[in-house]
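Colleague: Build me a model:
(2 chains)
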Amino acid sequence: MTNMKWVGKTALSGALCLAAFSGSASAWEPERNVEFIVPYSAGGGSDINARMLVEAIRQNDLVDQTILVNNRPGGSGAVGNSFTFNKSGDAHTIMTFNGGQMMSMVTNDADVQLEDLTPLGTLALDTLLLGVAADSDIENIDELVEQAKQDPGSITIGGAGRGGEDHLAFAMLNSSLGADFQYVPFGGTGEVTSALLGGHIDAAVFKLGSRMDPTQVRSLAALAEERLEAPYDDVPTFAELGYEDIQLMIFRGYAGPPDMPAEAVAFWEDVLEKVSESEQWTSGYIEQNNLIGTFMDAEESAEFYSNEKERYTEKFKEVGIIE
Amino acid sequence: MDILQSLLLGFATSLTVPNLFAALIGASLGIMIGAIPGLGSVTGVALLLPLTFQMDPITGIIMLGALYYGCMYGGSYSAIMLNIPGDAPAVVTALDGYPLSKKGEAGKALFTANISSFIGGTIGIVMLTFMGAALAKIGLMFGPAEVAALVVLALCSIGWLLGDSPKKGLISTFVGIMLSMVGIGLAFGQPRFTFDSMYLLNGISFIPLVIGMFGFSQVLEMMVNRVDAAGLMKKIGLRESLLNRSEVSRIIPVSIRSGVLGNLVGILPGAGATTGSFLAYVLERKVGRKGDELGSGKIEGVAASEAGNNAAAAGSFAPLLSLGIPGSGTAAVLLGGLMMWGVQPGPMLFQNSPDFVWGLISSMYLGNVMAVLAALAIIPFLVKLLRVPPAFMIPVIAVVCVVGAYSVNNSMFDVWFMLGAGVMAYFMNVAKYPVAPLLLAFVLTPRLETSLRQALDISRGDFSIFFNSPIASTLLGITALFVVFPFVRKLFPSLKRKAIKK
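Modeller: Got it, this is the predicted structure:
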């Protein structure tokens, strides 16, 4: 069971500190198959993320044991979250954990919250853009705001889902741009694009990862921290336009069950760091999915998630999604 | 012609021995995956996708295309033989397919399903080849208001499925509407009727509901009433299963009509293959020569449904290829695959990667042919399977039901739910409440609610959005005619007689 040599080390509790020791021969390693929980269906974004991670781990020989992906969809992630939660203290269970998953914990007031899980690390970030159809006569944010002010509620902004990333981005726009927009939720980014190109809605928010074609959709501004890379390098960020509040980076990370042993946290953190530097991951996943590659260790991730959770809660309260 | 030339070029790249082999493997796998209730083309494509990364992109996409087509064929098998629809569109296939099996004509139903799938699929692909871009533009004209009007039209036609007692049919429709309300709807974002269970948060899963209502209730019925199984077990040879010339000529016009309609429905955003097969069935009921007998086990019903959903599946590729918008769940997974191969879907795709696009389109022709060949080869074995005595068959069906319900979400909750739905449907059958209206209301109501709410969000609550759109007002006008016509006919019986005399 627990490796006695490491019991003393857990007292140090600083996961960062432990990371330095991992990789040495005496560090904790999985002793049996690892269960990798994906709280969404096969073929979705989290599922692809998990399967690419397993592939990168396998090709670089980072884990000796087999990692089995287990899809536990349902309840907007709640089923998978509670599955992982019930494995308390288990070092052999890991789970994909992303921004949307945390948002639905907040909006659904779920039983399992961020505080009940053990963040392990973050490998990718996504952000959102606000765009109009390429043939729209709206050229920039000022014109959009101007029209909305002349006739409040007349400008419709579409997005995927209610209470998710797109809706949160809308909430930020609505509260910080000083105009009254109307949100129209759709079943997915594909449906949003159809409605936008068909002229049924005026503007739309969409994720960087959904790779909106610049010849079809003119992006007015990005919710990113910094300027994006081509083909979106000519799109200003909202911060550049003077709206510092409108900023949203959606994370794709990993978490374990509550009370996961510190040496196991250190092990997974180390595996994730090595994956983030591997060729398979950067070219096979990050680039292909148009994401922003990053590496945040367990402690940084925990802090980032908890700050974001606070921000999500506040914005969702502002637009009345939660009380 | 430019298009023909490009298509031939596509065939030149796709017709190689390894590609044909890949198409055959894909088609066979697809038929198996489609035939297993609970596994559909989305799962099949998602699981096979990583394997194809090692292959040449053209070979990979050919294999996936063939798998997709195979799934559409396989989905009808369990619907016809066991009354367990393998996927949502196959619910409509079961309406006539299972009664045919009960009459001992399962073989004919299977052949009809395959031939009409082939015709519908071919119509869909030909339309995609020559008018893909134009079709995709028509699809864009359908916003929330237009889709809502289309669903209203589809919903009102449930009236023809109510059966002998309209009151019982309506009650069952309303139960379907209520079940569809469970969970967090897109329209309001608040949990409804979830009783604080996280398993109900995303609503009731369709597949466990269908497997229970159609399949497991059948198990109960066969256990309680042994006579029912007699028709199923009737010895049938392959020769009796083949369609004769007059039967073939009965299903061909049906398949063509349904194929064209299904294809048009398939290109609409979010409408999908289920709406395609359902509307095709409804059309057949109205215009077909044997329309009134549909539902009692007519090959026309199977043909309409299967041609409709295969054509819709091809139709959902039009927005994917010409606009980069996935028209169905499977298309969305394929879109992920295209990006992995470094292909950027969108309006420039035809200019930027012509060999890939035409390779894909020609692979759809190839996949369709491979799937029909593989399917026809399997039928004799399927027909033999039907001769297995009920004492062995019933436990097998029960196991299929349980595994199918479990595999959708890997969840025991769904298994219990499936069993409950089966018991409920058994008693509904005993009391002569029809099950089909319940399921169709369950599928269509959330689409109506979402589209209606979106339309009213856009118009700020003003219903004139439906009358200002020519498409929506036409569709609503047709609906009104459907509703009013029976009354008018009753009020003026003389009209009817005159019409008949003419």
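Colleague: Can you give the distance of the longest strand along chain A from its chain's centre?
Modeller: The longest strand of chain A (DSSP state E) is strand A:118-133. Using Cα atoms, centre = their mean, to the nearest Å, the mean C-alpha position of strand A:118-133 is found 5 Å from that of the whole chain.
Colleague: Tell me the pLDDT of residue 60.
Modeller: If you meant another chain, say so; for now it's chain A. Predicted confidence (pLDDT) for residue A:60: 93.
Colleague: my bad, the chain I had in mind was chain B
Modeller: 84.
Colleague: so it is in which element?
Modeller: helix B:57-82 (DSSP states H and E).
Colleague: Past that helix, which element shows up next along the chain?
Modeller: Note on helix B:57-82: by DSSP H and E, the next helix or strand toward the C-terminus is helix B:90-102.
Colleague: Quick one: mean pLDDT for that following helix?
Modeller: Regarding helix B:90-102, the rounded mean pLDDT is 88.
Colleague: State the separation between the helix or strand following the longest strand of chain A and the centre of the chain it belongs to.
Modeller: Later in the chain than strand A:118-133, the nearest helix or strand by DSSP H and E is helix A:141-150. Per Cα atoms, centre = their mean, the displacement of helix A:141-150 from the mean C-alpha position of its chain is 30 Å.
Colleague: what's helix A:141-150 packed up against?
Modeller: Secondary-structure packing of helix A:141-150 (3 or more Cβ pairs under 8 Å, 6 or more residues apart in numbering or on different chains; DSSP states H and E): strand A:217-222. The way it works is simple: take the backbone N, C-alpha and C, and place the C-beta from them, glycine included.
Colleague: quick one: is the strand it packs on near chain B?
Modeller: No: judged by Cβ under 8 Å from any Cβ of the partner chain, strand A:217-222 and chain B are separated, with a smallest distance of 10.1 Å.
Colleague: tell me the angle that strand makes with strand A:118-133.
Modeller: 130 degrees (axes from the mean of the first three to the mean of the last three Cα atoms, to 10 degrees).
Colleague: Quick one: list the elements packing against strand A:217-222.
Modeller: strand A:118-133, helix A:141-150, helix A:189-197, strand A:203-207.
Colleague: could you say what helices and strands the longest strand of chain A packs with?
Modeller: Under the contact criterion of 3+ Cβ pairs under 8 Å, 6+ apart, strand A:118-133 touches helix A:165-176, helix A:189-197, strand A:203-207, strand A:217-222, strand A:249-256, helix A:262-277, strand A:292-296, helix A:298-318.
Colleague: Export the helices and strands packed on strand A:217-222 to CSV and append columns for mean pLDDT.
Modeller: Output for the helices and strands packed on strand A:217-222, formatted as CSV (pLDDT from 0 to 100):
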stretch, mean pLDDT
strand A:118-133, 96
helix A:141-150, 94
helix A:189-197, 87
strand A:203-207, 94
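Colleague: Point out the most buried one among the ones you listed.
Modeller: Comparing the helices and strands packed on strand A:217-222 by mean neighbour count (mean count of other Cβ atoms under 10 Å in any protein chain shown), helix A:189-197 ranks first with a mean of 26.
Colleague: Contacts only, for residue B:24.
Modeller: Shown in contact with residue B:24 (Cβ atoms under 8 Å, 6 or more residues apart in numbering or on different chains): B:66, B:370, B:374.
Colleague: Can you tell me how far it is from residue B:110?
Modeller: Distance of residue B:24 to residue B:110, computed by Cβ to Cβ, to the nearest Å: 20 Å.
Colleague: and if you look at residue A:149?
Modeller: As judged by Cβ to Cβ, residue A:149 and residue B:110 stand 63 Å apart.
Colleague: Same question for residue A:231.
Modeller: Separation of residue A:231 from residue B:110 (Cβ to Cβ): 50 Å.
Colleague: For the residue nearest the centre of chain A, give the beta-bridge partners.
Modeller: Among the residues of chain A, the one closest to the centroid is residue A:251, at 2.8 Å (Cα atoms, centre = their mean). Note on residue A:251: beta-bridge partners by DSSP bridges are residue A:125.
Colleague: which stretches of the chain have low pLDDT?
Modeller: Went with chain A since none was named. For chain A, the stretches with pLDDT under 70 are A:1-26, A:43.
Colleague: Let me rephrase: I mean chain B.
Modeller: Scanning chain B for pLDDT under 70 picks out B:1, B:50, B:226-239, B:269-272, B:327-328, B:339-342, B:344-348, B:386, B:493-502.
Colleague: and it, what are its domains?
Modeller: Domain assignment of chain B by automatic domain parsing yields the ranges B:2-457, B:469-502.
Colleague: How about the residue in the stretch 401-502 of chain B that chain A sits nearest to, nearest residue that isn't a chain neighbour?
Modeller: Ranked by Cβ to the nearest Cβ, the top residue of the stretch 401-502 of chain B for proximity to chain A is residue B:457, at 4.7 Å. Leaving aside its chain neighbours, residue B:457 sits nearest to residue A:184 (4.7 Å; criterion: Cβ to Cβ, 6 or more residues apart in numbering or on different chains).
Colleague: Remind me which helix or strand the one you found belongs to.
Modeller: Counting by DSSP H and E, the element that carries residue A:184 is strand A:182-186.
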